[in-house]
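1. Using only what follows, build the 3D model:
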Amino acid sequence: MGYGILIILAVGLTVCLGRYLWVRQAPQHQPEPTSICGGQFKAIGSKCYYIENDKEQKWLGALYHCSSMDGHLASIKNQQELDDISKELRPNKEYFIDLNDQINDGDRDELLSATTGLAPNFVHQNLNINKILLCPTINTLSQMKDAFCTENMLFVCEKKEIATQEQKEKIEQNFKKIGDKYYYIENKKLRKWIDAFHKCQELGGHLATPRNDLELLGISEELHNGAQYHIDLTDQLERGEFLSISSGLKDNYFAWADGEPNLNFAKDSVAIEKTEMGTFMYHVDINELKYFICEATI
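-> Residues are numbered from 1 along each chain as shown. Sure thing, here's the model as predicted:
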């Protein structure tokens, strides 16, 4: 009888030990890792990128699309970043990044970053920087190639990073708080629209996009009577559809002057002008020299 009990106990312990070992060795279900980038962005190297592999755009359209995703065209800082991105690109395809050379006004004629408004830290050695209206592309060969900004290409977006304390201090130094936003209003130097765009980026903001009557009224206090100021809105992508390139917004606020927008001429941009009757918006030539307004938030 005693031997029978011992046998039963031994069998029981063997079964329990077998189950324990099976549980320990069995693969455990692991939750799907969550993206550290969020949205449609993907971690590549140390940054978050979105690679558009289907719909080609002109350079400005690519810039707008990236802005609508809370990003900007990719700003490549070194060969390693270029190598990391290039591995994710399609063969025999070219992709726009944030570099461009569209300022040819005698004052500046150089390759600039649309993200910083400054000359880039890194340019691949095979790039022909003497080409007019150049918007470089990248490819699977880890190269940069020259392309026209009006060509249709795929593109790479980079997720915007949270402003650093240094960047915030730069805004507070260069901008004046009006309402809930910070503004820089240029009342001395006249620039073309694309030049004003880059200057605002250099200062730490972007061309202004008034969102309502209150914001427009606040800005108006700082404007010269009769002078026109470039803002962010433009219909360069589609005639008569005025988009905010910097914010990626479509449903924008307008305060058109009588007879505006005048669509009898080419796709262009929007300027605001303070008059005795109020401050209004005008459809203007992007190549006209005007003052401009930058905007930033902290």
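
2. If you count neighbours, what's buried in stretch 195-213?
-> 195-201, 203-211 (16 or more other C-beta atoms under 10 Å). C-beta here means a position set from N, CA and C on the backbone, and glycine is covered the same way.

3. And it, end to end?
-> Length of stretch 195-213, first residue to last, C-alpha to C-alpha, to the nearest Å: 27 Å.

4. how far is that stretch from where the chain is centred?
-> With C-alpha atoms, centre = their mean, to the nearest Å as the basis, stretch 195-213 stands 13 Å off its chain's centre.

5. How about stretch 237-249?
-> With C-alpha atoms, centre = their mean, you get 14 Å for stretch 237-249.

6. Residue 194 falls within a helix, correct?
-> Yes - secondary structure of residue 194 (DSSP: H, G, I helix; E, B strand; the rest coil): part of a helix.

7. Check whether it really touches residue 114, as I assumed.
-> No - using C-beta atoms under 8 Å, residue 194 is not in contact with residue 114, being 9.4 Å away.

8. quick revisit: and which of the buried residues of stretch 195-213 is nearest to residue 168?
-> Set against residue 168, the nearest of these by C-beta to C-beta is residue 204 (8.6 Å).

9. Quick check: the closest one touching residue 182?
-> No - counting by C-beta under 8 Å, residue 204 does not reach residue 182; the two are 9.1 Å apart.

10. list residues touching both of those two?
-> Contact criterion C-beta atoms under 8 Å, 6 or more residues apart in numbering; residues shared by residue 204 and residue 182: 171, 175, 296.

11. Adding secondary structure, neighbour count and pLDDT, write those out as TSV.
-> Formatted as TSV, those follow (DSSP: H, G, I helix; E, B strand; the rest coil; neighbours: other C-beta atoms under 10 Å; pLDDT from 0 to 100):
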residue	secondary structure	neighbour count	pLDDT
171	helix	19	94
175	coil	21	97
296	strand	23	94
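
12. In a markdown table: those residues, plus distance to residue 232.
-> Formatted as a markdown table, the shared contacts of residue 204 and residue 182 follow (distance: C-beta to C-beta, whole Å):
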| residue | distance to residue 232 |
| --- | --- |
| 171 | 17 |
| 175 | 15 |
| 296 | 12 |
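
13. Now the helix or strand that contains residue 82: buried residues?
-> Residue 82 belongs to helix 79-86 when elements are defined using DSSP states H and E. If you call a residue buried by 16+ other C-beta under 10 Å, then helix 79-86 has these buried ones: 81, 82, 84, 85, 86.

14. Spell out which residues make up each domain of this protein.
-> 42-159, 165-296 (automatic domain parsing).

15. Any idea which of those has the lowest pLDDT on average?
-> Mean pLDDT per stretch puts domain 42-159 lowest among those, at a mean of 91.

16. what distance separates the start and the end of it?
-> 9 Å.

17. Likewise for stretch 168-182?
-> 11 Å.

18. Identify the residues contacting that stretch?
-> Counting by C-beta under 8 Å, 6+ apart, 163, 183-185, 203-205, 214-215, 218-219, 221-222, 294-298 sit against stretch 168-182.

19. In strands, which of the residues you listed fall?
-> 183, 184, 185, 294, 295, 296 (DSSP state E).

20. now, among those, which is nearest to residue 47?
-> Of those, the one sitting nearest to residue 47 (C-beta to C-beta) turns out to be residue 296, at 22.2 Å.

21. Wait, that closest one touches residue 205, no?
-> Yes - Residue 296 is in contact with residue 205 according to C-beta under 8 Å; the separation is 3.3 Å.

22. what touches both of the two?
-> The contact lists of residue 296 and residue 205 share 171, 175, 182, 184, where a contact means C-beta under 8 Å, 6+ apart.

23. got a list of what the last one touches?
-> With contact set as C-beta under 8 Å, 6+ apart, residue 184 has these partners: 174, 175, 176, 200, 203, 205, 293, 294, 295, 296.

24. Give me the buried subset of the contacts of stretch 168-182.
-> Neighbour-count burial (16+ other C-beta under 10 Å) is assigned, among the contacts of stretch 168-182, to 183, 184, 185, 203, 204, 205, 215, 218, 219, 294, 295, 296.
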